[in-house]
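> Just the structure for this:
(one chain, ligands or ions: 1)
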Amino acid sequence: MEEKTKSHQKHIFICTFERAEGSCCFKKGAMELMQNLKNKSRQDSEWKGKISVTRCGCLGFCDEGIAAVLYPHQKYFVHIKPTEADLLSKKLDEID
Ligand code: FES
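Numbering: from 1, shown residues only. I've put the predicted structure just below:
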C-alpha cells in the first residue's frame, strides 16, 4: 500500500445509485446534476484544482435524494434538484 495526497481542497461526491425498486438518486436525475457539475468544474477557473466532482454509491438518504457529501468537511446535502448545479456550487464556494 502507498499513501497519496491530492491538491484539491474540496471533493464533492454525488450519489448516482440506481435501484430497481423504490426511491434512488438516479431516478431523481443525479446523472444530469453530475454532468452539470462536471461541466462547471472543467470550465470555471475558480474551480480548477480546488473542487473535484465524483459520482458515488448510496449515501443512505434515498428518500431525500439527490444526495451528496463534501469532503473533507463531511457535510451532506439532500433534496438537490438536477438543475441546481449552480446553487450547489455556490454552497461549496461558501464553505471553507
Ligand atoms: S440512492 Fe442516493 S442516497 Fe441512496
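
> remind me which residues of the protein are low pLDDT?
Filtered on pLDDT under 70, the chain yields no residues whatsoever.

> which ones are touching the residue positioned nearest the centre of it?
In the chain, the centroid-proximal residue (C-alpha atoms, centre = their mean) is Ile14; its distance is 3.2 Å. If you count contacts by C-beta atoms under 8 Å, 6 or more residues apart in numbering, Ile14 has them with Cys25, Ala30, Leu33, Met34, Leu37, Val53, Thr54, Arg55, Cys56, Ile66, Ala68. Yep, even glycine has a C-beta here, placed from its N, CA and C like the rest.

> hmm, which of these are the buried ones?
With burial judged by 16 or more other C-beta atoms under 10 Å, the buried subset of the contacts of Ile14 is Cys25, Ala30, Leu33, Met34, Leu37, Val53, Arg55, Cys56, Ile66, Ala68.

> Report the separation between the fifth one and Ala85.
What it means is Leu37. Relative to Ala85, Leu37 is positioned 5 Å away (C-beta to C-beta, to the nearest Å).

> Over to Val69?
In terms of C-beta to C-beta, Val69 sits 16 Å off from Ala85.

> the more surrounded of the two?
Counted by other C-beta atoms under 10 Å, Val69 and Ala85 do not tie: Ala85 has more neighbours, with 22 against 19.
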